[in-house]
Each structure stands twice: as structure tokens, then as C-alpha cells.
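Novice: Pasting the sequence and the predicted model now:
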Amino acid sequence: MTTLNSALDPQSFSYISSLVRRKSAIILEGEKAYLVESRLTPVVREMGLLNISELVAELQKPGSQTLNQRVVEAMTTNETSFFRDIHPFDALKDKILPGLIQRRSKEKTLTIWSNACSSGQEPYTIAMILAEHFPMLKNWKVRLISSDLSNRILDKARLGCFNQTEVNRGLPMNFLLKYFTKDGNKWTVDQGIRNMIEFRELNLVDPFPALLPKMDIVFLRNVLIYFSPESKTEILKKVHAVMHKDSYLFLGGSETTMNLKVNFEREQIGSAVCYRPVA
Amino acid sequence: MKWYSYSKNGDRVRVPLVLSTSTSTSDPNVASVRDSLKTHLRKKFCPMQALVIDDDPAILLMMTSILNGLGYQVTTAVDGKQGLQELTDSILPDVVLVDWNMPIMNGLEFVKTVRSQTQFNQLPIIMVTTELEMSQVALSADAGISEYIMKPFSPIMIIEKLQMVGVLS
């Protein structure tokens, strides 16, 4: 029987971190070696290789673009959960959406962008909030755009199919009962909720697609922490450019625009912090 | 007033703060201020209390460890009947975490009995169980639970559900 040896040598770590940086601008410092090991061991196993050094050798072979993409995706797929950190969703429900609905009552359009959405818990949370608390939006043109760098994870998100651990994380019981059906050991979000979301592949460090609409609310949570200050600034400038003047940006709990040359003002809504674009 | 003296561990004095528990006030502002004051005083002077009911000693141990880490004082019971006794005899907990399948009185019967008593109407009860079918979630929701956690669980799942039922910020 072949024994996997996933121990990471410095050369392999250096190769992986520079590949990830080149493709996604995400910085992997030395202390993230454990993360490289834990994320790439399944890829090593899938490929029938012995260790990460062998994977690095494979990555350098001609015609290995797909494997390169697979490794970048494995390294950039982040943890997520329904109603993660709860407060932004309270702010969304109690203050932001009621205000926007009033201000957009003539044009009846609303656009929300859930960025780096991973397996989809964040956009599904938003969709369930819209369905549960704002039934009047049925007559509106509501776009809930959800993007991620990884097509592989987007495929999972599109299915709207979650395991027990995933539905155990942050999902209120009444939403589980109302918006999910269970088949075997999988819970699937109702078609109506799935239909509310447009999933798109998007790399934050690339130029944004020209047809990206103006956003009313942007969720860009727990993703900037992986970027250098320069990349953070660039991304936030691009996000600013696609936001309406009276819109809202949510960053992760440990993220801020402080010390970055970007035009956002911090605003506290209840226990949530959001950022408003300024000219 | 009660005075407790501990050998080489100082003294502890317990002074009950008597606040009206009358629910007869018709002024919602008075009721709201009263409730806020009670909550504030309780949080300030008295740690949060949790009652954990499960017949599995390993689960009781794990749950107690998680809740202690969150600043809770934990009381345990090994079946629904003992849980009811604890509810009656001890300080009213801020939250109850109850297993479904237990001897003597199961978790569902416990919840139904508790909810049939008006003084426990607002008590957050979280069902923590190996029962995974949607019909069982619905059944316990009908019985009056506040939230549902499927075993196996991790500390973060407990934290998120405590936040959801409003007993952890």
C-alpha cells in the first residue's frame, strides 16, 4: 500500500506560494505552510502522487494548466457558513434593505453582489432573507450576483446542495424547514431560492467584466485579508467604481479600509460595520 | 442574604435583588425598561446559566467544557425528568440544551412539558440530537424548541446557535 507523505519542503512551499500569488494575488506567508499541506493533500491523493514535491513537479510539466488552476482553487477556497457573523444580515434586514426599497421605489431595481462566495452559503442566506422578509420584491428586478475565482466551487454552489455539517452551521431552524428539502444525507435549497442567484466566475485581481451592473450592496467578506495592501487598494477601487453612490459594502469582521487610499467611509449599523462610497 | 465561607478561598455573599416579576403592566415602555434592567443586572452580577440534558456522559462533558469556555455556569441532567427537576429547583437558566433520545423522559416530552408552563414561555431551548430527518426537525419545532443542532457538533455550531437564540453576543 502506498503511504502518503504530505510533508512540505521549503522549495515546494515557495513554488506553491508564488503560483498562488501570480494567479490570484493572494499572499501565503511562511506560517501558512500547514494550510498548503491540508489543502493540497487531497489533490496529491487524487493524482495518485506521493507528496507535494511530486505535485510541484507535475505543475511544472508542459500542458499542466488545468492542474495549476486546480491547485490555485484548492488554496483559495475559504471557509463559509450560513448567516456568517450574523450582524451584517441583521443590518441588511432591519435597515439597509428597507431604506433601499424606499429609495429605489420608482425604478424597482436592486442589485446585490456576493463576492468570493465559495460554496454559496452567503448568497443563499441573502436570497432567503429577501424571500422571507421582503415579499414585495417579487415585482422588482432583483439581481443577486454571486462570484468566485473557482469554477469548481461555483459548480457546487449552483447545486445548492449541502451536507449535515454545512446546514448545522448558522442556518436557523425555520429557514431549514422552509427553504430546504432533504434527500438521503443531503439538504438542497429550494429551486425558487436557487433561481434568484446568478453565479459567475470572477477573479478579483483581473479587470472586472464591462457589463457588471452598478451595485446597491456588495459583500466582500473575509477575502481581502489574503491580499497585499497594494492589491487590496486596487480591488477596492474597482469595487468602488461599480457601486451606486448610496450603496453599502460589507467587509469581513477583521478587515478594514484603514490605511488604504480608497474612498470609503465607515458606518456602524447596529452591531454591523459597513462602508459607504464617497466621491 | 446568604453568606458562604470557603476554607482558604474567601467568602461569597449572595444578595437577591428583588425586582417585580409582575407581567401585569400594560405600558410596553415600562415592561421594556424593566426587562432590560433585569437582563443588565443579571449579566453584570451573575454569570449566564445553562442547563444541559443528555444521557451520554461524554456529551455532557464536552458541552460543559464548551459552555464553561463561553462563561456559562452549567447544570447537567441525564434525562428529561431530572431536567424538569433542575428547572424547578435551581436558578432559571438562560438556555437549555437537550438531547432527544433519553431514558425515563425523552427530550421531546421534556420540551412539551416545559412549554406547557407559562413561566417557561421565553426560555430558549436548543435540541441537540442525532435525529436528522426533516419531519423530526418539524416535530420539535412544533413542540416549541428555539433551535436545532444535529450531532455530531463542533464548538462553533454551539456558539452560532447560542447567538441565534440571543444568549450570546
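Specialist: It's in.

Novice: How about the residues of the stretch 1-150 of chain A by chain B?
Specialist: Residues of the stretch 1-150 of chain A found near chain B, taking Cβ under 8 Å from any Cβ of the partner chain as the criterion, are A:Ser81, A:Phe83, A:Ile86. In short, each C-beta sits where N, CA and C put it, glycine included.

Novice: Between those residues, which sits nearest chain B?
Specialist: Within the residues of the stretch 1-150 of chain A next to chain B, distances to chain B taken as Cβ to the nearest Cβ reach their minimum at A:Ile86, with 5.8 Å.

Novice: what's the neighbour count on residue 166?
Specialist: As the question left the chain open, I've gone with chain A. 18 (other Cβ atoms under 10 Å in any protein chain shown).

Novice: was after chain B, sorry
Specialist: One way to gauge burial is a neighbour count; for B:Gly166, by other Cβ under 10 Å, it gives 12.

Novice: How about it: what's its closest non-neighbour residue?
Specialist: With Cβ to Cβ, 6 or more residues apart in numbering or on different chains as the criterion, B:Gly166 has its nearest non-adjacent residue at 6.9 Å, and that residue is B:Pro124.

Novice: Ok, A:Arg21 next?
Specialist: By the measure of Cβ to Cβ, 6+ apart, the closest residue to A:Arg21 outside its immediate chain neighbours is A:Ile27, 6.0 Å from it.

Novice: hang on, isn't that neighbour packed against A:Tyr226?
Specialist: Yes: the criterion here is Cβ atoms under 8 Å, and A:Ile27 meets it with A:Tyr226 at 6.4 Å.

Novice: who has more neighbours, the two?
Specialist: A:Tyr226 (20 against 14).

Novice: show me the contacts for the more buried one.
Specialist: With contacts defined as Cβ atoms under 8 Å, 6 or more residues apart in numbering or on different chains, A:Tyr226 is in contact with A:Ile26, A:Ile27, A:Thr76.

Novice: So what touches stretch B:145-155?
Specialist: Applying Cβ under 8 Å, 6+ apart, the contact partners of stretch B:145-155 are A:164-165, A:167-168, A:172-173, A:176, B:59, B:66, B:69, B:97, B:111, B:124-132, B:137, B:140-141, B:157-158, B:161, B:164-165.

Novice: rerun at 6 Å
Specialist: Here stretch B:145-155 makes contact (Cβ atoms under 6 Å, 6 or more residues apart in numbering or on different chains) with A:164, A:168, A:173, B:66, B:111, B:124-128, B:130, B:132, B:137, B:157, B:161, B:164-165.

Novice: Show the average pLDDT along that stretch.
Specialist: Averaged across stretch B:145-155, the pLDDT comes to 95.

Novice: where are the low-confidence patches of chain B?
Specialist: Counting by pLDDT under 70, chain B contains low-confidence ranges at B:1-29, B:31-32, B:34-36, B:38-45.

Novice: Quickly list the domain ranges of it.
Specialist: Per the record's domain assignment (automatic domain parsing), chain B is made up of the domains B:1-46, B:48-164.

Novice: Return the member of the residues of the stretch 1-150 of chain A next to chain B nearest to B:Leu37.
Specialist: The shortest separation between B:Leu37 and any of the residues of the stretch 1-150 of chain A next to chain B is 25.2 Å, and it belongs to A:Ile86 (by Cβ to Cβ).

Novice: Tell me the predicted confidence for that closest one.
Specialist: At A:Ile86 the predicted local distance difference test score is 89.

Novice: The one 3 residues further on now?
Specialist: At A:Phe89, the model reports a pLDDT of 96.

Novice: Distance-wise, check it relative to chain B.
Specialist: Taking Cβ to the nearest Cβ, to the nearest Å as the criterion, A:Phe89 is separated from chain B by 11 Å.

Novice: In helices, which of the contacts of A:Tyr226 fall?
Specialist: Residues of those located in helices (DSSP state H): A:Thr76.

Novice: from memory A:Glu267 sits against A:Val278, does it?
Specialist: No: counting by Cβ atoms under 6 Å, A:Glu267 sits too far from A:Val278 to count as a contact (10.8 Å).

Novice: Compare the two (neighbour count), which wins?
Specialist: For the pair A:Glu267 and A:Val278, the greater number of neighbours falls to A:Glu267 (13 against 10), based on other Cβ under 10 Å.

Novice: Could you give the number of residues near residue 129?
Specialist: Going with chain A. Quick note: A:Ile129 (other Cβ under 10 Å) scores 17 neighbours.

Novice: Sorry, I should have been clearer: chain B.
Specialist: Burial of B:Thr129 is recorded as 23 neighbouring residues (other Cβ under 10 Å).

Novice: Spatially, what comes nearest to it if we skip its sequence neighbours?
Specialist: In space, and not counting its chain neighbours, B:Thr129 is closest to B:Trp100: 3.9 Å by Cβ to Cβ, 6+ apart.

Novice: before we move on, what SS does the one you found have?
Specialist: In terms of secondary structure, B:Trp100 is coil; the call rests on DSSP: H, G, I helix; E, B strand; the rest coil.

Novice: mind listing what it touches?
Specialist: So B:Trp100 contacts B:Gly107, B:Thr129, B:Glu131 (Cβ under 6 Å, 6+ apart).
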